[in-house]
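>>> return a 3D structure for these sequence lines:
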Amino acid sequence: MVSVLEHHRVSPPLDPSVTVKLLPLTFFDMMWLTLPSLSRVYFYDFSCSTSQFMEKVVPPLKKSLALALKYYFPLCGNLIIPTNLTSNTTPAIRYSNDDSVSLTIAEFSGATSKGFEHLSGNHPRDIDELFALVPQLPQGDTETVEDDSVLVSPVL
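Down below sits the predicted model:
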């Protein structure tokens, strides 16, 4: 039904003055840590061919995303959460120059009865049809930071 055309990592423009930035989470951020992650799928209907789309639309889209990430660089970072309550490390968003966000370009090629209009339309539909389009977030890894064990997972 859906074929992935390209999977790409997009980074903000390289800033040599930045090595690592930490953005500590506030009290109000903490309540969001226990909630499931938010998943979004954006639909665009293009009348051009797949090759034209990949040559004319995708490169400016990637460049625009990279320039936007220059100002919203924490979205590229990783959420670090201590694994034990006695840790000296506080939950934070950590960003370094090698961080990036994932961009997946996919094409719908399903039957007309369950076509693009059905999936993107403003009407009720079976939620499983949309969940099939949501990319899976990578699992978090455990790292050691300042002698503490922390869970590290991508923000976006």
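
>>> check which helix or strand covers residue 68.
helix 58-71 (DSSP states H and E).

>>> which secondary element of this protein has the worst mean pLDDT?
The least trusted helix or strand in the chain, going by mean pLDDT, DSSP states H and E, turns out to be strand 141-145, with a mean of 68.

>>> for residue 14, helix, strand, or coil?
Judged by DSSP: H, G, I helix; E, B strand; the rest coil, the three-state class of residue 14 is coil.

>>> what count of nearby residues applies to the closest residue to it other than its chain neighbours?
Once flanking residues are discounted, residue 14 sits nearest to residue 97: 6.0 Å by CB to CB, 6 or more residues apart in numbering. C-betas here are computed from N, CA, C, even on glycine. Neighbourhood size, residue 97 [other CB atoms under 10 Å]: 17.

>>> over to the one 5 residues further on?
Neighbourhood size, residue 102 [other CB under 10 Å]: 13.

>>> can you pull the contacts of it?
Going by CB atoms under 8 Å, 6 or more residues apart in numbering, residue 102 touches 7, 8, 9, 10, 135, 154, 156.
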